[in-house]
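Enquirer: Below is the sequence, then the predicted model.
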Amino acid sequence: MDASKQKTGSGLGLAIATLVAIIGTLLVNSLSNIVPPGGENVGEIANTTLAGVLITPANYAFAIWGLIYIGLIAYGVYQLGRNQRRNATIQRVNGLLIVACVAQIIWIFLFTLKFFALSIIAMLAILIPLVIAYLALGIGQQTAKRSRRWYAHYPFSIYLAWISVATIINVASALYVAGWSGGLTDTVWTVVMIGVSAVVGMAVILTRRDIPFTLIYLWAYGAIAARHADIPAIQMSALGAGLVLLIVLGLQRWLQRS
């Protein structure tokens, strides 16, 4: 029997724990903006201590967290259903999501307390479980019912896409604070990081044809370009990367239908 269809116990405890983890992460994230542990919230740190990190997008880009949490809450409710919570794949994904949620709470504390190097470890502890969950769900490669796509695939696509972008920003922030640039100017280093992120985006498009994932990258590139209208190299690199991903996605979708 396909592992994705196996039934393994009621899964009620794990399902409840998953929803609690999602809500807990949302609450901690919200409270950190009001009463940040280190005195400054993430946005304030980005605009002060890390103002020189050029890969950081314009402030409006972080509004994407609203969509991410809406998607996660929708998944949290969806996976409570009897058939979902007894599904072996969903149970595996739930365990991974709980790890990611706990890691995100730890990340909030580390980052707002300005332990930027350690925050990279926490960020990777978010990213890696999400990658495994993404693969386990077979997003972009397995046929799924509409409910599974809307309440599981799309939320994880959006969450993973933004965390992959955030990981690059997090690494850049830690290197900036440490004063390491690899002998490159800030502008060149930023262009290189945009290129690296574009390679990641293309890899996902070529293997998964994942529209929500791609749209998050386009959102990030647009916000980077908007922030750096005064630095043509960065603005054009961000817009160019977004255009390339859009073209590759269009070609992939066209080839799939032809």
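Expert: Happy to help now that I have it.
Enquirer: Which secondary structure elements does the helix or strand residue 21 falls within sit against?
Expert: Counting by DSSP states H and E, the element that carries residue 21 is helix 12-34. For helix 12-34, the elements it packs on are helix 42-47, helix 64-78, helix 82-85, helix 88-112, judged by 3 or more C-beta pairs under 8 Å, 6 or more residues apart in numbering; DSSP states H and E. For the C-beta atoms, the positions are set from N, CA and C on the backbone; glycine is no exception.
Enquirer: so which of those helices is the most packed in?
Expert: With neighbours defined as mean count of other C-beta atoms under 10 Å, those peak in mean count at helix 88-112, which reaches a mean of 21.
Enquirer: tilt between that helix and helix 64-78?
Expert: With axes from the mean of the first three to the mean of the last three C-alpha atoms, to 10 degrees defining the directions, helix 88-112 sits at 150 degrees from helix 64-78.
Enquirer: can you give me the offset of helix 88-112 from its chain's centre?
Expert: Offset of helix 88-112 from its chain centre (C-alpha atoms, centre = their mean, to the nearest Å): 12 Å.
Enquirer: could you point out which element follows that helix?
Expert: Next along from helix 88-112, by DSSP H and E: helix 116-137.
Enquirer: could you say what helices and strands that following helix packs with?
Expert: helix 88-112, helix 154-178.
Enquirer: Reformat those helices as JSON lines; add mean pLDDT.
Expert: Converted to JSON lines, the helices and strands packed on helix 116-137 look like this (pLDDT from 0 to 100):
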{"stretch": "helix 88-112", "mean pLDDT": "97"}
{"stretch": "helix 154-178", "mean pLDDT": "97"}
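Enquirer: what angle sits between the helix holding residue 21 and helix 88-112?
Expert: 20 degrees.
Enquirer: pull the CA atoms of helix 12-34 into CSV?
Expert: The C-alpha coordinates for helix 12-34 follow below in CSV (Å, rounded to 0.1, in the frame of the first residue of the first chain):
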residue,chain,number,x,y,z
LEU,A,12,-5.4,13.0,17.3
GLY,A,13,-2.7,13.9,19.9
LEU,A,14,-0.2,14.7,17.1
ALA,A,15,-2.8,16.7,15.2
ILE,A,16,-3.7,18.8,18.3
ALA,A,17,0.0,19.3,19.1
THR,A,18,0.5,20.5,15.5
LEU,A,19,-2.3,23.1,15.8
VAL,A,20,-1.0,24.2,19.2
ALA,A,21,2.5,24.6,17.7
ILE,A,22,1.2,26.8,14.9
ILE,A,23,-0.8,29.0,17.2
GLY,A,24,2.0,29.2,19.7
THR,A,25,4.4,30.3,17.0
LEU,A,26,2.0,32.9,15.8
LEU,A,27,1.5,34.3,19.3
VAL,A,28,5.2,34.4,20.0
ASN,A,29,5.9,36.1,16.7
SER,A,30,3.2,38.7,17.3
LEU,A,31,4.3,39.4,20.9
SER,A,32,7.9,39.8,19.8
ASN,A,33,6.8,42.7,17.6
ILE,A,34,5.1,44.4,20.6
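Enquirer: Could you number the chain from 209 rather than 1 from now on?
Expert: Understood, numbering begins at 209; the last thing we discussed is helix 220-242.
Enquirer: same question for that helix, mean pLDDT?
Expert: For helix 220-242, mean pLDDT is 96.
Enquirer: in that helix, what's buried?
Expert: 222, 223, 226, 227, 229, 230, 233, 234, 236, 237, 240 (16 or more other C-beta atoms under 10 Å).
Enquirer: Now render the helices and strands packed on helix 324-345 as CSV, adding distance to residue 460.
Expert: Shown next, in CSV, are the helices and strands packed on helix 324-345 (distance: least, C-beta to C-beta, whole Å):
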stretch, distance to residue 460
helix 296-320, 25
helix 362-386, 15
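Enquirer: Residue 341: what's it in contact with?
Expert: 300, 301, 304, 305, 308, 364, 368 (C-beta atoms under 8 Å, 6 or more residues apart in numbering).
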